[in-house]
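**Student:** sequence first, predicted model second:
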Amino acid sequence: MTNTRGAILLAAASIGLSVSAAGSIATTPSPADCHSRDNDTRSKLLECISEQDLWSHLKVFQKIADENPGRDGHGNRDTGTSGYRASVDYVAGLMRKAGYKVTVQSYIWRHFKQTRRPVLEVVGQNSSFSHDWFVARLSGSGALTKVVQPLSGTSGDESASGCSQQDFAGFGRGHIALLARGSCDYDSQVANAEAAGAAAVIIYNDAPTADIADRGGREDGGAFEAQLVEPASIPVIGVASHAMGAELVREYEAGQAPSVHLDVQTRHKSDTDYNVIADSPLGDPKHVVILEGHLDSIYGAGMLDNASGSTTMLDIALNMAHTHTRHQLRYIWFGGEEIGLLGSKYYTRNLTEKELHRIVFDIDADVTATPNFTMFVADPAHAWNAKRFPPNVIPESRVGNQDFIDYFRSVGVVATNANNDGTDSNSFSRVGVPNTGFYTQQDCCKRSREVEVWGGYLGDFEGVVPGWHEACVDMPHRWCDNLSNNDPFVLELVSKGVAAVTLKLANDASLDHEKRP
């Protein structure tokens, strides 16, 4: 880490930026000056993005979490909690005071609880897949023993993954539908299975490499929970491992149609969640550039994921409150990201055609202060569901991706394109909005190639560093994604990059609808 920081600081000095003894790029204007002036050039804006100001906002989010403990006694800003609502009030209040037009958008979100331990057993088999599956969020209930039937071509043809009702031609009503993870939403796969008369659904990873990717590079088993937006009326298992799904497919194709015993019992509930939307009074409202990220946490305070990204956005917005730009800037702090991109899906799917057409670009900030960091550009071309995006998204997103690459190259830092899976920018991809974003990684495991590029250590990106599989983010019962799980140096470095790209895209004439191909 020290070697990486040293190289970055030397690069900063080489392009004429002063460096403080503490190791961060020094700034001279006061926050009050920065918040009230027109920061219409990159140099003016970046000297206003300071480690001190960023850290002060991050400390407030920690204080909010601590003052709103969950039932376990730990600080909490999860969706549906008082800590999340206090986070909404904090952001909305600062943005209103800065002169933005603020809307707190409410929407109904559904959650569920498993009322007893679920069971999945392959009848007549000794082999165990006990660590290879989850009950999908918003799964229905049921206890049943039924034949498992893969769709025709499931083992090798992604088009037969249940994304179309035609995929279910020949499916036996009352069977359990075995579906490879497809290029469509889980909701679409489940809805088509329900319409075809399936008694239950098992969704599994479509490739062995996805098993490792889902668990952050871990090779010790496990999958991850599929996030349904609409409640299912039948039991849904997902996402199961590729190994489990492929074994069931082999048995079926060998004429030994497997039977599976399922017992899943759930209870559903509806509540209200919130997005914070802040529009700048400056810029052309017919051409809107969005900077967004999620405000909610999961399993605790959520300081790295994603109070760090929320802080990056907040500091940029306050420093651009009086900045004239070609396009209007809109800042959105989404709710429900951790449980299925709920806020961004609601926002994008409820825009009118006219409102959607006005959005010319989206920028996502999701995890911006990882101690054992990488520098990843969130590129829709690398998304697992990229085939489902409207055809304009990937080519029109390249300008923003390149802006990130170019900025970090200018300060001597390598940045590289990676997927935007699981980020709110993925919701914009699905409705045809070109997008980019930035994140510094989380969980485990940093590999040799990444250490060669960015320094640091093999293993955990955060949490116990150096260490293996002792990360804090998205880990139930660890409660360690707190202020100490963030690196202030990385937070400032990345926030400056996001600010530079936001300013550039907000003034990019090529994004005018009239000039787009």
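**Tutor:** Nice, I can see it. Residues are numbered from 1 along each chain as shown.
**Student:** can we go C-alpha only for contacts and neighbour counts from here?
**Tutor:** Fine.
**Student:** which residues touch the closest residue to Lys387 other than its chain neighbours?
**Tutor:** Distances taken as C-alpha to C-alpha, 6 or more residues apart in numbering place Ser183 nearest to Lys387, at 6.4 Å, with adjacent residues excluded. Neighbouring residues of Ser183 by C-alpha atoms under 8 Å, 6 or more residues apart in numbering: Glu158, Cys163, Trp384, Asn385, Ala386, Lys387, Arg388.
**Student:** also Gln114?
**Tutor:** Contacts of Gln114 by C-alpha under 8 Å, 6+ apart are Val264, Gln265, Thr266, Arg267.
**Student:** need the residues you listed in TSV with neighbour count and secondary structure, can you?
**Tutor:** As requested, the contacts of Gln114 are exported to TSV (neighbours: other C-alpha atoms under 10 Å; DSSP: H, G, I helix; E, B strand; the rest coil):
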residue	neighbour count	secondary structure
Val264	22	strand
Gln265	19	coil
Thr266	19	strand
Arg267	13	strand
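**Student:** which one of those is nearest Pro69?
**Tutor:** Nearest to Pro69 among the contacts of Gln114: Arg267, at 24.1 Å, using C-alpha to C-alpha.
**Student:** picking up where we left off before, out of the contacts of Ser183, which end up buried?
**Tutor:** Neighbour-count burial within these applies to Glu158, Cys163, Trp384, Asn385, Ala386, Lys387; the criterion is 16 or more other C-alpha atoms under 10 Å.
**Student:** quick one, strands of the stretch 1-150 of the chain?
**Tutor:** In the stretch 1-150 of the chain, the segments counted as strands under DSSP state E, counting those that start in this stretch are 101-114, 119-122, 142-150.
**Student:** can you list the domains in this protein?
**Tutor:** Using automatic domain parsing, the domain parsing of the chain gives 29-109+271-509, 116-264.
**Student:** pick the most deeply packed of those domains.
**Tutor:** domain 29-109+271-509 (a mean of 21; mean count of other C-alpha atoms under 10 Å).
**Student:** ok so, going back, now render the contacts of Gln114 as CSV, adding pLDDT and distance to His57.
**Tutor:** Formatted as CSV, those follow (pLDDT from 0 to 100; distance: C-alpha to C-alpha, whole Å):
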residue, pLDDT, distance to His57
Val264, 96, 42
Gln265, 96, 42
Thr266, 94, 39
Arg267, 92, 37
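**Student:** related to what we said a few turns ago, so which of the strands of the stretch 1-150 of the chain gets nearest Arg358?
**Tutor:** Of these, the one closest to Arg358 (C-alpha to C-alpha) turns out to be strand 101-114, at 17.1 Å.
**Student:** check contacts around Arg430.
**Tutor:** Arg430 touches Arg388, Phe389, Pro390, counting by C-alpha under 8 Å, 6+ apart.
**Student:** actually Glu292, sorry about that
**Tutor:** Glu292 touches Met313, Tyr331, Ile332, Trp333, Phe334, Asp362, Ile363, Asp364, Ala365, Asp424, counting by C-alpha under 8 Å, 6+ apart.
**Student:** picking up where we left off before, list just the nearest of the contacts of Ser183 to Ile394.
**Tutor:** Ala386 (8.1 Å).
**Student:** where's the closest one relative to Gly238, distance?
**Tutor:** Noted for Ala386: a distance of 20 Å to Gly238, by C-alpha to C-alpha, to the nearest Å.
**Student:** from the contacts of Ser183, which has minimum pLDDT?
**Tutor:** Within the contacts of Ser183, pLDDT reaches its minimum at Glu158, with 43.
**Student:** where in the stretch 301-450 of the chain is pLDDT low?
**Tutor:** Applying pLDDT under 70 to the stretch 301-450 of the chain flags no residue at all.
**Student:** what segments of it are helices?
**Tutor:** With DSSP state H, counting those that start in this stretch applied, the stretch 301-450 of the chain shows helices at 309-319, 342-349, 353-358, 393-410, 425-430, 448-454, listed in chain order.
**Student:** among the ones you listed, which comes closest to Pro380?
**Tutor:** Among those, the nearest to Pro380 by C-alpha to C-alpha is helix 393-410 (6.1 Å).
**Student:** what lies in contact with that closest one?
**Tutor:** By C-alpha under 8 Å, 6+ apart, the surrounding residues in contact with helix 393-410 are 15, 361, 377-381, 414-417, 429, 432-437, 497-498, 500-501, 504-505.
**Student:** same thing but 7 Å
**Tutor:** By C-alpha atoms under 7 Å, 6 or more residues apart in numbering, the surrounding residues in contact with helix 393-410 are 377, 379-381, 414-416, 429, 432-436, 497, 501.
**Student:** among these, which are in strands?
**Tutor:** Among the contacts of helix 393-410, DSSP state E puts Val377, Thr416, Asn435, Thr436 in strands.
**Student:** distance of the last one from Leu318?
**Tutor:** I take that to be Thr436. Counting by C-alpha to C-alpha, the gap from Thr436 to Leu318 is 21 Å.
**Student:** what's the answer for Ala191, then?
**Tutor:** Per C-alpha to C-alpha, Ala191 is found 43 Å from Leu318.
**Student:** again, but for Gly75
**Tutor:** Taking C-alpha to C-alpha, one finds Gly75 at 26 Å from Leu318.
**Student:** ok, Thr81 next?
**Tutor:** Counting by C-alpha to C-alpha, the separation of Thr81 from Leu318 is 26 Å.
**Student:** how about the contacts of Arg430 in TSV, adding distance to Glu462?
**Tutor:** Below are the contacts of Arg430 laid out as TSV (distance: C-alpha to C-alpha, whole Å):
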residue	distance to Glu462
Arg388	32
Phe389	32
Pro390	35
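**Student:** now flag whichever of these is closest to Ala369.
**Tutor:** The closest of the contacts of Arg430, once distances to Ala369 are taken by C-alpha to C-alpha, is Phe389, at 29.3 Å.
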